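Peer 1: structure for the following, please:
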Amino acid sequence: MRKEICVLMTLVLAVSMISLVSAGVGYPYFEKNTFVMAPGESRDLTFTLSNSEVDSKLFQASVTRGSEIASFAKSKYTVATGKIVNADLRIKIPSTAVDGQEYPFTVNFAEGPADSVQSGISLGVAAEIGFKVVVKKPEVESTAMTPQQKWMIAGIAIVILAIIIWLSLGKKKKRK
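Peer 2: A predicted model of the protein is given here:
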């Protein structure tokens, strides 16, 4: 009985270890966490590609929706075992974009063995990520003074004027 339990536990452990070995894609933005940019702005959004499998992996990155304003720096990324590689998506918002305008995006990462290009092996989908970029004009800081600031400056001016008058009256009394 004990031997059977040990064999069963070993089998369960072996199967669970296989599921822990994988390659993956990490990303900071998703459907409910939007990316906010200003009209005319250009920025890079970084995706992290990781590989904990035994062999190196090839990731092929593509923009399947929103490609009119976004593209990856490279289309293919090789990730060695135990390594992490960044894939940068360059997004350029047109200067004619309107405040509140949304650009939906879908990016796709296909994954396969590092030698899949030479061997003709097709790549499987590692991740398909959807998110949106929302255009928001930057808020311009107001340089106008608040009423409190105006009263404070008026009060300081009155105090300075009073000191000048007091000093000038004091000098006149000393001369007499």
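
Peer 1: okay, now the domains of the chain?
Peer 2: Following automatic domain parsing, one finds the domains of the chain at 22-135, 142-176.

Peer 1: which of the ones you listed sits most buried?
Peer 2: Of all those, domain 22-135 has the most neighbours on average by mean count of other C-beta atoms under 10 Å, namely a mean of 16. C-beta: built from backbone N, CA, C; applies to glycine.

Peer 1: now that domain: mean pLDDT?
Peer 2: Across domain 22-135, the average pLDDT comes to 81.

Peer 1: first-to-last residue distance for stretch 67-86?
Peer 2: For stretch 67-86, the first-to-last residue distance is 19 Å (C-alpha to C-alpha, to the nearest Å).

Peer 1: just the residues contacting it, thanks.
Peer 2: Residues from elsewhere that reach stretch 67-86 (C-beta atoms under 8 Å, 6 or more residues apart in numbering): 23, 44, 46-63, 87-94, 103, 105, 107, 114, 117.

Peer 1: tell me which of these fall in strands.
Peer 2: Counting by DSSP state E, the contacts of stretch 67-86 place 23, 44, 46-51, 57-63, 87-92, 103, 105, 107 in strands.

Peer 1: in contact with the residue nearest to R43 when sequence neighbours are not counted, which residues?
Peer 2: Closest residue in space to R43, ignoring its immediate chain neighbours: I91 at 5.7 Å, by C-beta to C-beta, 6 or more residues apart in numbering. By C-beta under 8 Å, 6+ apart, the contact list for I91 reads F35, M37, S42, R43, D44, L45, I69, A70, V133.

Peer 1: again, 10 Å this time
Peer 2: Counting by C-beta atoms under 10 Å, 6 or more residues apart in numbering, I91 touches 35, 37, 41-45, 63, 66, 69-71, 103, 105, 133.

Peer 1: distance of it from D99?
Peer 2: Separation of I91 from D99 (C-beta to C-beta, to the nearest Å) stands at 17 Å.

Peer 1: go on, P39?
Peer 2: From P39 across to D99, the span is 8 Å (C-beta to C-beta).
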